[in-house]
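Visitor: My questions are about this predicted structure, shown below with the sequence.
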Amino acid sequence: MSDITARKRIWGWWFFDWASQPYNTLILTFIFGPYFASVVTENFISQGMESGLAKARAQAYWGYGLAISGILIAILAPILGAFADGTGKRMPWVWAFSIMYIFGASMLWYTEPEGFDVTTTLIFFGIGLVGMECATIFTNAMLPTLGTKEEIGVISGTGWAFGYIGGVLALAIMLLAFQAGDSGKTMIGISPAFGLDPEVKEDTRIVGPLTSLWFVVFMVPFFLWVRERSEPNDVPHSFLKAVKGLSNTLIKLPTHPSLLAYLSSSMFYRDALNGMYTFGGIYALGVLDWSIMQVGIFGIVAALTGSLFAWVGGKADQTFGPKPLIITCILILLLTAILVVGLSREAVFGIPIETTSQLPDVLFFVAGGLIGAGGGALQSASRTMVVLQSNPERMTEAFGLYALSGKATTFLGPALIALASDISGSQRLGVTPLIALFIISLILLIWVKPTGDPSQWSASS
């Protein structure tokens, strides 16, 4: 253990972002999400449902599936965080949730269009998503041990940028080697690798095993180089003590107004951002009639800007602190949400255009770049802000509460989108709740102190 340098430990920690990012990039957003929507939409149309309503209903099903997964994560996150702080063990939980990630992603191969089962598909997807999100709680909690308070902004930003690069590379491999376009060929004009059959969507369903294999390979540096201090592990006593500590933390949370305001704000802006990520590809597929390959290219644009601005954001975080950066990113994402709602194939902000016009496509690519830029820097700065706002002696619990705040309304965002899509029968109007969520988060940031209030934690320890 002594021969693992501090730099290696940081690199190992960064590799978790690299290994796990494809679940967001390939499965949640740009490949499998749109595939789910297209299959469900086609099934509804085959049953006689009108096309626009079928697309909205498919988007609603995806939203309800995400809502249920979000509720499970919200329940598990703070309890697991309290347990980990009580026992002093985080790595066993990373292992356990990594196995869930691998299983859930792999099983998406068994979602062929013929006999497609919505419930089973969403269960497999949810297992992988819960695995990824819960593993992230424990790896994020290691951030304060990787450097000083002045250094963690850059460490977080660089890690997030590194993760985005991993997502871009995985997406590029998917588009170049596997995903077939209308011609039956990939982006470089070859048939899908390994003889995958586009007729039964094997070229798309391979995204599950690819994501799983990617995670297995690139988690090796994490498990080799990241270590935690050995501490006594009296599980029954520690668990009860940790849960009691969690209860006390929740009861006393109103006495820490800056932390409470930040968790509340992040609850809304992360919910809105996740909505943009999750429904972006489905929106492009349904509203702009893009192919999955076009959605994938859109994903590369978003991920590249995300990587660049996560790294730039890390530098800005170190210079100005995370709060100004978070406010700037929310404003960018708010304006982007308004732009997206204003786009359709027939009009831009109500101004009619030719249905053959490329203007909506160009503007949506611009939106993708802005979502990547704002989202990458925002998520990186958010990790830093949690560290500054929280009790250093209960950091895993803090990230558990952060996950709870992120998931407490994660079901609400997709549920609102699903409900708005169902009621309006329109995908475009279905995403309008995101605008309100961003505005609420900005208001709540007024009560957040830029560097937290360490004196309160000292007094309450």
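Guide: Okay, I see it.

Visitor: nearest residue to D182 other than its sequence neighbours?
Guide: Leaving aside its chain neighbours, D182 sits nearest to S291 (6.6 Å; criterion: Cβ to Cβ, 6 or more residues apart in numbering). For the C-beta atoms, the positions are set from N, CA and C on the backbone; glycine is no exception.

Visitor: Ignore what I typed, I meant G126.
Guide: Per Cβ to Cβ, 6+ apart, closest to G126 is S69, 4.1 Å.

Visitor: buried sites along the helix or strand harbouring that neighbour?
Guide: Per DSSP states H and E: S69 is located in helix 51-87. Residues 52-67, 69-74, 76-87 are the ones in helix 51-87 that count as buried (16 or more other Cβ atoms under 10 Å).

Visitor: Which neighbouring elements make contact with it?
Guide: helix 32-46, helix 118-140, helix 235-252, helix 257-287, helix 395-408, helix 412-424, helix 427-430 (3 or more Cβ pairs under 8 Å, 6 or more residues apart in numbering; DSSP states H and E).

Visitor: So which of those helices is nearest I206?
Guide: helix 32-46 (10.4 Å; Cβ to Cβ).

Visitor: Who are the packing partners of that closest one?
Guide: Helices and strands touching helix 32-46, by 3+ Cβ pairs under 8 Å, 6+ apart, are helix 51-87, helix 118-140, helix 202-205, helix 207-218, helix 257-287, helix 292-320.

Visitor: now do 6 Å
Guide: When contacts are defined as 3 or more Cβ pairs under 6 Å, 6 or more residues apart in numbering; DSSP states H and E, helix 32-46 packs onto helix 51-87, helix 257-287.

Visitor: between it and helix 292-320, how many degrees?
Guide: Orientation check (axes from the mean of the first three to the mean of the last three Cα atoms, to 10 degrees): helix 32-46 against helix 292-320 gives 140 degrees.

Visitor: Give me the contacts around helix 32-46.
Guide: 54-55, 57-58, 61-62, 113, 116, 204, 207, 281-282, 285, 292, 295 (Cβ atoms under 6 Å, 6 or more residues apart in numbering).

Visitor: any weak-confidence spans in the stretch 51-200 of the chain?
Guide: 84-88 (pLDDT under 70).

Visitor: cool, the stretch 351-461 of the chain as well?
Guide: Applying pLDDT under 70 to the stretch 351-461 of the chain flags the ranges 394, 396, 403-404, 406-414, 427, 454-461.

Visitor: Extract the CA atoms of stretch 109-121 and return them as CSV.
Guide: The C-alpha atoms that make up stretch 109-121 are tabulated as CSV, following Å, rounded to 0.1, in the frame of the first residue of the first chain:
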residue,chain,number,x,y,z
TRP,A,109,-28.8,-7.2,-24.7
TYR,A,110,-32.0,-9.2,-24.2
THR,A,111,-34.4,-6.4,-25.2
GLU,A,112,-35.0,-7.3,-28.9
PRO,A,113,-38.0,-5.6,-30.5
GLU,A,114,-39.9,-8.8,-31.1
GLY,A,115,-41.6,-9.5,-27.7
PHE,A,116,-40.2,-6.3,-26.2
ASP,A,117,-41.3,-6.1,-22.6
VAL,A,118,-41.3,-2.6,-21.1
THR,A,119,-41.4,-3.7,-17.4
THR,A,120,-38.5,-6.2,-17.7
THR,A,121,-36.4,-3.7,-19.7
